[in-house]
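# Have a look at this fold, sequence not included:
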């Protein structure tokens, strides 16, 4: 069986940057999981003493707090700033951007529409920068039901697909006279998505590696499954099942933006045994 | 044969306004045809002495010049202002708006995309307000070939269909980080288009009345033909052919935004004879 790695996959610029910041901040604490990858979180804990807290309420004796790539809400940032603590801001610059856009557009009187998942920490953070009307929508049906004013600014969760973002924008164009569209979809996500599609089209079986609660990994998996029915989403090599690879010629491999290279290599070594 | 008039058709607000302005300006001259309707132009000439000039170069002894609903270019407006003449600005407010948007967005450093026909006077006028990069496109292929910067403002010729405008915007969304979409499509056009579609779906034959060089009338005709193969575009009752109506039960009638009510009524009276 031939094993082929997607041309673009794994860690993006923002995650690489966050991990470097964490490695340089020993004995710090991250507010929420730094990335959606348990193995990498354990490595940072074991090698650098970087703790993971569920929320800022759990901060006690730590001297350094790391804001993860997803960012945090404006209120949480204020609370952090009031504490006697070093703040290491690992918010991905591609997430800081929509936060700033939402704040500015809101100031200028635009209704804000965020295309994304309202429960996702990135979206919660971005949304918190709005001062006026702000709506988080995931579907065409949702946006259709919202009554918008004539000036609307639209942004997308960084990990969404542009095709779906366009559909949302198309509905808003019928409702409002001015629609200010900010394409805040992350290029890294796009490149990974394009690469997984290309690979899935020719592969007989696809292995997507990443956290099962990582939305960009799930997206890769959905695209993969569209073009290759035998697609599997795994977090580590222990989940590999050799039955998946019986009579398969080409096995494609891709990985979410939070999957460290050492895990990908580990899985490829295991696949080579089949 | 039952004759049914579209729920919305004929003169729009801008044209009604322009004609009123012309009627109140006897012995004036319009720069270009006031509306795409020869009969109405003749009526204004015969009853109010309103002349039609091809361009401002033809202005000689006239004391009053009328700018028609399409508007004129910024340069032509400057030339007019330098003449010792009263300017009666009958530019439709829905055309003045995109002119102002283009000027403002251009000032703010946006590349401008105008979805429309570069040869149409409205588009020529609107385009003339851009100071930096400005592109007029009619098709997806055209916009795909243009290299745009990261800040783009998009407007539409007032008489275009929103479905096609969306397609243009969708392409730009892939090219540029910020796309500022101004839906400058005129509501009157939209209402006439929706009404002609509704009527064409149930009619056996459709008569569309309007100038053959009027783009909004041509648009109505195209929509009509999509839903009713036996659609005819005519300028006046003389073009009616009784063969069109043989064995037809329902005859739908619509008219472009430049068609005066008296022409519509005239044609309906003639249709009643069949």
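All right, it came through fine. The structure displayed is predicted, hence computed values, not measured ones. Residues are numbered from 1 along each chain as shown, chains lettered A, B, ... in the order given.
# Compute the number of surrounding residues for residue A:251.
Here the number of neighbours of residue A:251 (other C-beta atoms under 10 Å in any protein chain shown) works out to 22. Quick note: C-beta positions are derived from backbone N, CA and C, even for glycine.
# any idea which element it lies in?
Counting by DSSP states H and E, the element that carries residue A:251 is strand A:250-255.
# Need the contact partners of that strand.
A:1-6, A:9-10, A:192, A:195-196, A:199-200, A:202-210, A:217, A:220, A:224, A:228, A:245, A:263-264, A:267-268, A:271, A:274 (C-beta atoms under 8 Å, 6 or more residues apart in numbering or on different chains).
# Now do the helices in the stretch 1-150 of chain A.
According to DSSP state H, counting those that start in this stretch, the stretch 1-150 of chain A carries its helices in the segments A:13-23, A:38-48, A:74-82, A:93-107, A:121-127, A:140-144.
# ranking the ones you listed by burial, who's on top?
helix A:121-127 (a mean of 24; mean count of other C-beta atoms under 10 Å in any protein chain shown).
# Count the neighbours of the residue nearest to residue A:102 when sequence neighbours are not counted for me.
Excluding the flanking residues, the one nearest residue A:102 by C-beta to C-beta, 6 or more residues apart in numbering or on different chains is residue A:129, at 4.4 Å. Residues lying near residue A:129 (other C-beta under 10 Å) number 22.
# Close to chain B: what parts of the stretch 51-200 of chain A are there?
Counting by C-beta under 8 Å from any C-beta of the partner chain, the stretch 51-200 of chain A comes close to chain B at A:162, A:165-166, A:169-170, A:173-174, A:176-183.
# Could you list which of those residues belong to strands?
A:178-182 (DSSP state E).
# between the helices of the stretch 1-150 of chain A, which gets nearest to residue B:32?
helix A:93-107 (39.8 Å; C-beta to C-beta).
# and that closest one, what other elements does it pack with?
Applying 3 or more C-beta pairs under 8 Å, 6 or more residues apart in numbering or on different chains; DSSP states H and E, one finds that helix A:93-107 contacts helix A:13-23, strand A:111-115, helix A:121-127, strand A:151-156, strand A:178-182.
# between that helix and strand A:178-182, what angle do the directions make?
160 degrees (axes from the mean of the first three to the mean of the last three C-alpha atoms, to 10 degrees).
# got the angle between helix A:93-107 and strand A:151-156?
170 degrees.
# can you list the residues that contact helix A:93-107?
A:14, A:69-71, A:91, A:112, A:114, A:122, A:125-127, A:129-132, A:134, A:153, A:155-156, A:158, A:180, A:182, A:184, A:186.
# Just the buried subset of the residues you listed, please.
Buried members of the contacts of helix A:93-107, scored by 16 or more other C-beta atoms under 10 Å in any protein chain shown, are A:14, A:69-71, A:91, A:112, A:114, A:122, A:125-127, A:129-130, A:134, A:153, A:155-156, A:158, A:180, A:182, A:184, A:186.
# Can you get me a residue count around residue A:193?
With other C-beta under 10 Å as criterion, residue A:193 counts 24.
# That one touches residue A:161, doesn't it?
Yes. Assessed by C-beta atoms under 8 Å, residue A:193 is found in contact with residue A:161 at 6.8 Å.
# Overlap in contacts, the two.
residue A:219.
# Check the residues of the stretch 51-200 of chain A next to chain B and tell me the two furthest apart.
Most distant of those, by C-beta to C-beta, are A:162 and A:177, 23.5 Å apart.
# I'd like the helices of the stretch 1-150 of chain A laid out as CSV, including mean pLDDT.
Formatted as CSV, the helices of the stretch 1-150 of chain A follow (pLDDT from 0 to 100):
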stretch, mean pLDDT
helix A:13-23, 92
helix A:38-48, 92
helix A:74-82, 94
helix A:93-107, 97
helix A:121-127, 97
helix A:140-144, 97
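# can you list the weak-confidence ranges in chain A?
Within chain A, no stretch has pLDDT under 70.
# Could you give the backbone dihedrals for residue A:233?
Main-chain torsions, residue A:233, degrees, to the nearest 10: phi -110, psi 120.
# What sits closest to it if chain neighbours are left out?
residue A:221 (4.5 Å).
# ok, now which ones touch that neighbour?
Residue A:221 neighbours (C-beta under 8 Å, 6+ apart): A:208, A:210, A:231, A:233.
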